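Student: what follows is a protein structure lacking sequence information:
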């Protein structure tokens, strides 16, 4: 599953698309599920109503889960 639509030049000028690992992919699925249910909260405690904000939160948490 490709999360980032933007590709970047890899070795020898070929374009390579970024991929997520299984842990971060699972995190994205759970966060987006919370958004659809209406239980997703931002860091300030407010309810998230913007889908773009929900995607940003899910990708951020996915990267954080990937590091651990």
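Tutor: The structure has been received and is ready for your questions. Note that this is a predicted model, so its numbers are computed, not measured.
Student: this protein: helices as residue ranges?
Tutor: Using DSSP state H, the helices of the chain run over residues 22-37, 51-67.
Student: nearest to residue 45, of these?
Tutor: Closest approach to residue 45 among the helices of the chain (C-beta to C-beta): helix 51-67, 13.2 Å. C-betas here are computed from N, CA, C, even on glycine.
Student: burial of the spatially closest residue to residue 47 that is not a sequence neighbour, as a residue count?
Tutor: Once its chain neighbours are removed from consideration, residue 47 has its nearest residue in residue 41; the separation is 6.2 Å (C-beta to C-beta, 6 or more residues apart in numbering). Residues within reach of residue 41, counting by other C-beta atoms under 10 Å, total 11.
Student: quick check: the gap between residue 41 and residue 57.
Tutor: Relative to residue 57, residue 41 is positioned 9 Å away (C-beta to C-beta, to the nearest Å).
Student: show me whatever sits in contact with both of those two.
Tutor: Listed contacts common to residue 41 and residue 57 are residue 48; contacts here mean C-beta atoms under 8 Å, 6 or more residues apart in numbering.
Student: how many neighbours does residue 30 have?
Tutor: Neighbour count for residue 30, taken as other C-beta under 10 Å: 15.
Student: go on, the one 3 residues further on?
Tutor: Other residues near residue 33 number 12, with proximity taken as other C-beta under 10 Å.
Student: and the pLDDT at it?
Tutor: What the model reports as pLDDT for residue 33 is 91.
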